[in-house]
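*Asks:* Provided below are the primary sequence and the corresponding predicted coordinates.
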Amino acid sequence: MQQPEERLTSLGLPTAIVQEGGHAVADIGHTVVGVLDDFA
């Protein structure tokens, strides 16, 4: 089963990624990189 970001990427559609606030800033960097890697 594909991850959600892989499924979205495979559609080839324009995508806007919005990061909302309120997250643990110290921990969010690697999470953002992990998601954005699939969109690169």
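*Replies:* Cool, got the structure. Numbers count the residues shown, from 1 in each chain.
*Asks:* So which residues of the chain form strands?
*Replies:* Using DSSP state E, no strands are assigned anywhere in the chain.
*Asks:* longest helix of the chain?
*Replies:* Using DSSP state H, we find that the single longest helix of the chain is helix 25-39.
*Asks:* Give the full set of residues in contact with residue 10.
*Replies:* residue 2 (Cβ atoms under 8 Å, 6 or more residues apart in numbering). To be clear about C-beta, it is placed using only N, CA and C from the backbone, and glycine gets the same treatment.
*Asks:* thinking again about what came up before, buried ones in the longest helix of the chain?
*Replies:* Residues of helix 25-39 include none that count as buried (16 or more other Cβ atoms under 10 Å).
*Asks:* which outside residues touch it?
*Replies:* Against helix 25-39 from outside (Cβ under 8 Å, 6+ apart): 3, 5, 6, 8, 9, 15, 17, 19.
*Asks:* so where's this structure uncertain?
*Replies:* Where the chain drops to pLDDT under 70, the residues are 39-40.
*Asks:* Check the gap between residue 31 and residue 23 for me.
*Replies:* Distance, residue 31 to residue 23, by Cβ to Cβ, to the nearest Å: 8 Å.
*Asks:* let me redo that: residue 30
*Replies:* For residue 30 relative to residue 23 (Cβ to Cβ), the value is 12 Å.
*Asks:* same question, residue 5
*Replies:* 17 Å.
*Asks:* Tell me which of those two has more neighbours.
*Replies:* residue 5 (16 against 11; other Cβ atoms under 10 Å).
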